[in-house]
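Student: missing the sequence, but the structure's below:
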């Protein structure tokens, strides 16, 4: 693996972790907002308490079992590690860079595949490479919600 490929992979991993962190953080906050609204709805005179209770239970279970906040935190930490490696890459030899990249990969979070093409496209744009990757509508929506919809 040559240096340019390693640099591309490091940047790709950074953007993937960063996008996943943003996406899962936003999902967690969105669920929290819905729980807050549904919790307050018990005070309305026209509410069906059983229906609201079911929604609150389902959203609470989703938030508890999928642990979006935890995944967001871990991805954010991992993205910062990749960013530090990006900043220090010029001071490292090819072997050192490859070794540090391999060590970092051991701590990667399992990101949604829907973000892979968007992260690839963002990396290509950042490094000034030609990219003809087309994002599907669903990938574009997820990339936008993850805070980074690459256009070029």
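Tutor: That came in fine, so what should we check first? What you are looking at is a predicted structure, and each value in this text was computed from that prediction instead of being measured.
Student: so what's residue 35 up against?
Tutor: Residue 35 sits next to 56, 59-60, 63 when contact means CB atoms under 8 Å, 6 or more residues apart in numbering. Quick note: C-beta positions are derived from backbone N, CA and C, even for glycine.
Student: I should have written residue 34 there, sorry.
Tutor: Neighbour list for residue 34: 55, 59 [criterion: CB under 8 Å, 6+ apart].
Student: need the pLDDT of residue 152.
Tutor: pLDDT recorded at residue 152 is 63.
Student: and the furthest pair within the contacts of residue 35?
Tutor: Greatest spacing in the contacts of residue 35, by CB to CB: 56 and 63 (10.5 Å).
Student: circling back: what subset of the contacts of residue 35 is buried?
Tutor: 56, 59, 63 (16 or more other CB atoms under 10 Å).
Student: which element, helix or strand, includes the first one?
Tutor: In other words, residue 56. Residue 56 is part of helix 49-66 when elements are defined by DSSP states H and E.
Student: next, the buried residues of that helix.
Tutor: 52, 56, 59, 63.
Student: before we move on, what about stretch 90-107?
Tutor: 92, 97-98, 100-101, 104.
Student: cool, stretch 15-28 as well?
Tutor: So for stretch 15-28, counting by 16+ other CB under 10 Å, buried means 15-25, 27-28.
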